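Enquirer: return atomic coordinates for the entry below.
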Amino acid sequence: MAFASEDIRSYRLMEAWRENKNIDFNFYDAHDLYVSRDTSSRETIKRNLWERMKNAKQFVLLGSASAKRKGGDGYSFLAYEIEAMVKLDLPVVVANLNGDRMVDRNFIPKSLLDVDYYTMSVSFQPAIIKYALDDYAVAYGRSPNTGCYQYKPSVYEQLGL
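Expert: Residues are numbered from 1 along each chain as shown. Alright, predicted model coming up:
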């Protein structure tokens, strides 16, 4: 999981989806590993973020204007996470917090757009995020694709969305 601090409420909603027995949704949160304290130095926090991300197989980026701004500012921890995603060549599902099913370049950090990084944009709904984690993320390593992608409307229809 990666998100701008302004989007913490959406992250908390994802945790609620995970805990809800009526919603088929789960994710492993690398934030539970290598926990940093608020008093930790920036370098310690970055080192812990790197250790967390080395253990990740995929990422969900909560797509928002804040994520675009912070993810591309070159200073924030989100910017560091985006840089690490690219270095580690991890699949990135961009969950658009406004519910948009299309690629929204206003929500994707410039640092991903500049390198034409292969991402999959989906709406912020548990069924399509789960689908992307099971489909796109698994096939990511075998794909020659670059740039931003989105699913066809038929995929959403198949999921009942």
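Enquirer: would you mark the buried spots in the lowest-mean-pLDDT helix or strand in the chain?
Expert: Using mean pLDDT, DSSP states H and E, helix 42-54 stands out as the lowest-scoring helix or strand of the chain, at a mean of 88. Applying a neighbour-count criterion of 16 or more other CB atoms under 10 Å, one finds 45-46, 48-49, 52-53 buried in helix 42-54. Bear in mind the C-beta positions are built from the backbone N, C-alpha and C, glycine included.
Enquirer: one more: stretch 63-76?
Expert: Within stretch 63-76, the residues that qualify as buried are 63-64, 66-72, 76, counting by 16+ other CB under 10 Å.
Enquirer: now, which of those lie within strands?
Expert: Secondary structure from DSSP state E places residue 63 of the buried residues of stretch 63-76 in strands.
Enquirer: low-scoring stretches of this protein, by residue?
Expert: Within the chain, the ranges that satisfy pLDDT under 70 run 29-38.
Enquirer: quick one: the strands in this structure?
Expert: With DSSP E as the criterion, the chain has strands at 59-63, 92-96, 119-123, 148-150.
Enquirer: from residue 124, how far out is residue 104?
Expert: Residue 104 sits at a distance of 11 Å from residue 124 (criterion: CB to CB, to the nearest Å).
Enquirer: give me the common contacts of the two.
Expert: Contact criterion CB atoms under 8 Å, 6 or more residues apart in numbering; residues bridging residue 104 and residue 124 by contacting each: 63, 96, 98.
Enquirer: tally of neighbours for residue 2?
Expert: 28 (other CB atoms under 10 Å).
Enquirer: give me every residue that touches residue 133.
Expert: The contact partners of residue 133, by CB under 8 Å, 6+ apart, come to 27, 58, 60, 93.
Enquirer: the last one contacts residue 63, doesn't it?
Expert: No - under the criterion of CB atoms under 8 Å, residue 93 is not in contact with residue 63, lying 9.3 Å apart.
Enquirer: for the nearest residue to residue 132 once chain neighbours are set aside, what are its contacts?
Expert: Nearest residue to residue 132, sequence neighbours excluded (CB to CB, 6 or more residues apart in numbering): residue 93, at 4.4 Å. Counting by CB under 8 Å, 6+ apart, residue 93 touches 58-61, 119-122, 129, 132-133, 136-137.
Enquirer: what separates residue 93 from residue 48, distance-wise?
Expert: For residue 93, the distance to residue 48 - CB to CB - is 23 Å.
Enquirer: cool, residue 116 as well?
Expert: The gap separating residue 116 from residue 48 is 29 Å, by CB to CB.
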